[in-house]
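Peer 1: any chance you can model this:
(one chain, ligands or ions: 1)
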Amino acid sequence: MNMAKRVEAVDVTAYYGSFKAIDSITMTIEPKSVTALIGPSGCGKSTFLRSINRMHEVTPGAKVQGKLMIDAEDIYHPRVDVTAVRRAIGMVFQRPNPFPTMSIYDNVVAGLRLNGVRKKSTLDDAAESSLRAAHLWSEVSDRLKRPGGGLSGGQQQRLCIARAIAVEPQVLLMDEPCSALDPISTLAIEDLIGELKDRYTVVIVTHNMQQAARVSDRTAFFSIEKTGDPGRLVEFDDTTKIFQNPGEKRTEDYITGRFG
Ligand SMILES: Nc1ncnc2c1ncn2[C@@H]1O[C@H](COP(=O)(O)OP(=O)(O)OP(=O)(O)O)[C@@H](O)[C@H]1O
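Peer 2: Purely as a prediction, here's the structure:
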């Protein structure tokens, strides 16, 4: 099965009210790869990520201009069903956010149920395969009926990843998915990301440059000239190139720790 899709941003500009947060971002994210978005605080990484699944416009007054295509489909076309877009593009957040009182099992299959799946065997199979893919199955298989909120932080984040992939999303967006986790859980999630790219298009925002270097195939470096300016894409290339031989001085300054 090939669910992974290409994400093509053309001149994507996003605002919060009259404040322009990102300006004319153009980049193509290939299917079955991991793309890291890096750059100093406030350069618009999260804003760009949230424009990929139309979450940006949830903020009152926020809007997006430009074109965003998932394969051939323009997801900002007026006739597009926004709910369907958000369901097709999974998202994992900085803080694990399972439904805390809902059982582990119900957390994983929540999206499938929303999509109308009722058959128990289908839900059981999806729960097991998603929890296995998220490397959580062996830790929770004997307590699927217990609340998701009872798991450790790292387990909760893996539960959220299982929940996101249970609906077989075309693209998986991750906004600093390890920032609230300890180093061991972080490495577990990084391993998992490496496996997810066999099936999904993964886009990850990270503050951690070692993490970007470890998990991603391609890296996009965003930056801002000065406070109040919009974030722009400075350089986008293979991760090895960005970290070993960047084409732009600003990228080099950032990755060598001279600013940001
Ligand atoms: N809800 C909001 N309302 C108004 N401005 C916002 C909102 N969210 C973000 N911004 C502004 O938009 C700009 C880009 O923010 P964004 O969170 O996308 O940056 P970032 O690169 O992800 O930052 P960080 O690395 O600190 O998370 C910043 O100037 C930020 O202050």
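
Peer 1: near the ligand, which residues of this protein?
Peer 2: 16, 19, 21, 39, 41-47, 59, 207, 231 (Cβ under 6 Å from any ligand atom). Quick note: C-beta positions are derived from backbone N, CA and C, even for glycine.

Peer 1: 8 Å instead, please
Peer 2: 16-17, 19, 21-22, 37, 39-50, 59, 61-62, 175-176, 205, 207, 222, 224, 230-231 (Cβ under 8 Å from any ligand atom).

Peer 1: just the buried ones from those, in ChimeraX syntax?
Peer 2: To isolate the buried ones among those in ChimeraX, judged by 16 or more other Cβ atoms under 10 Å, type:
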select :21,22,37,39,42,43,44,45,46,47,48,49,50,62,175,176,205,222,224,230,231
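
Peer 1: quick one: secondary structure of the residue most central in space within the chain?
Peer 2: For the chain, the residue nearest the mean C-alpha position is Leu173 (1.6 Å; Cα atoms, centre = their mean). Here Leu173 is recorded as strand under DSSP: H, G, I helix; E, B strand; the rest coil.

Peer 1: and if you look at Thr227?
Peer 2: Per three-state DSSP, Thr227 ends up coil.

Peer 1: need the contact list for the residue nearest to it when sequence neighbours are not counted.
Peer 2: Among residues not flanking Thr227 along the chain, Gly42 sits closest, at 7.9 Å (Cβ to Cβ, 6 or more residues apart in numbering). Neighbouring residues of Gly42 by Cβ atoms under 8 Å, 6 or more residues apart in numbering: 224, 227, 231.

Peer 1: how about the last one, what does it touch?
Peer 2: For Gly231, the contact set (Cβ under 8 Å, 6+ apart) comprises 21-23, 39, 42-45, 47-48, 222-224.

Peer 1: again, 10 Å this time
Peer 2: Contacts for Gly231 (Cβ atoms under 10 Å, 6 or more residues apart in numbering) come out as 14, 20-23, 25, 39-40, 42-48, 222-225.

Peer 1: state the distance from the nearest residue to it once chain neighbours are set aside to Ile224.
Peer 2: Spatial nearest neighbour of Gly231, excluding adjacent residues (Cβ to Cβ, 6+ apart): Gly44 at 2.8 Å. According to Cβ to Cβ, to the nearest Å, Gly44 and Ile224 sit 8 Å apart.

Peer 1: contacts for the helix or strand hosting Asp253, please.
Peer 2: Using DSSP states H and E, Asp253 maps to helix 249-255. For helix 249-255, the external contacting residues (Cβ under 10 Å, 6+ apart) are 38-40, 43, 209, 212-213, 219, 221-223, 225, 234-237, 241-246, 248, 258-260.

Peer 1: before we move on, the earlier item: what sits against the residue nearest to Gly231?
Peer 2: Counting by Cβ under 10 Å, 6+ apart, Gly44 has contacts 12, 14, 20-23, 25, 37, 50-51, 222-224, 230-233.
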